[in-house]
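Novice: Sequence and predicted structure, then a few things I'm wondering about:
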Amino acid sequence: MEFIILAIIALAAGVIGALVGLGGGIILVPATLFIGVNLGMISGITPQTVVGLSVIMMIFTGLGSTLSNMKTKTVDFRSGFIFFAGSIPGTLLGAFVNKGLDLPSFNLYFGILLILLSILLLVRNYLKPVSWFVKRGKTRDFTDESGTSYTYGYPVWFALLLTFGVGFASGLFGIGGGSIIVPAMILLFLFPPHVAVGTSMFMVFLSAIVNSITHISLGNVPWIYTIPVVPAAYIGAKLGTKLNQKMKSETLVFALRIILLLLGIRSIVDGIWG
């Protein structure tokens, strides 16, 4: 029964993560903690083991999505490597900080992050894109399948600083970081949405490899649970990428805002009174 539950969670995390460039950890972590700890349906789940499981899963969601996005040329590999370089030290720091968190503290901080992300997703369509960063960095041009042309770019120093913070959140909470970096890429660097998602998933793949090495060394990975999670997440990522290429993701993003807000509130309540 545990394997079936985890496979369903991982499939949903893979689909949603790849569709909007989140990586999937932001779905897997709270869902597994709630079902495993609050409902007692998955044994051996702690904040550390669920983060370890999440980062292993994100290797395969990132890989599956990147391979699919490569076919439509919506992965900016140069930017992906730059963002990855900035995230490495933050990821390592976050993983070691995670080691000292108990469940109430994890729930509290994770809940605050979820609410902040839901607000960011809520207001991103009402914010005017900022061209200041584009003008101060090396620019690139992209034309999508509909013929719409985009010019985007960023100063490398700011990208490295931003992705350090993204990496820290990824290592601490086992999330892919795409929920932070995708809105930033679109609003600050003027990335085309599909390129932002594709590049984010490539960064998720690279970061998850480093993140997983750290969590494996700390003994945080429940290997038995990777059996249902990895294949389900990989399949979900492939499906999510196909949906991303065929449909507008605004409906799902709207639903995701509400889900993140509710999960965040519940996580904070569990952290304070759980």
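Specialist: The structure has been received and is ready for your questions. This structure is a prediction, so every number in the text was calculated from the model and none was measured.
Novice: In this structure Gly62 contacts Phe202, no?
Specialist: Yes. Counting by CB atoms under 8 Å, Gly62 touches Phe202, with 6.9 Å between them. Bear in mind the C-beta positions are built from the backbone N, C-alpha and C, glycine included.
Novice: Next, the closest residue to Leu161 other than its chain neighbours: secondary structure please.
Specialist: Spatial nearest neighbour of Leu161, chain neighbours left out: Gly86 (7.0 Å); criterion: CB to CB, 6 or more residues apart in numbering. Recorded secondary structure, Gly86: helix (DSSP: H, G, I helix; E, B strand; the rest coil).
Novice: What's the per-residue pLDDT of Gly86 here?
Specialist: Looking at Gly86, its pLDDT is 94.
Novice: show me what contacts Val195?
Specialist: 74-76, 142, 150, 152 (CB atoms under 8 Å, 6 or more residues apart in numbering).
Novice: typo on my end, it should be Gly178
Specialist: Going by CB under 8 Å, 6+ apart, Gly178 touches 17, 20-23, 197, 200-201, 203-204.
Novice: Helix or strand: which one has Thr139?
Specialist: strand 138-143 (DSSP states H and E).
Novice: Who does the helix or strand following that strand pair with, and is each partner parallel or antiparallel?
Specialist: The helix or strand immediately downstream of strand 138-143 is strand 149-154, counting by DSSP H and E. Each strand that pairs with strand 149-154, with its direction, by DSSP bridges: strand 138-143 (antiparallel).
Novice: Pull the residues that contact the partner strand.
Specialist: Contacts of strand 138-143 (CB under 8 Å, 6+ apart): 76, 149-153, 192, 195.
Novice: in stretch 208-224, what's buried?
Specialist: 208-212, 214-215, 220-222 (16 or more other CB atoms under 10 Å).
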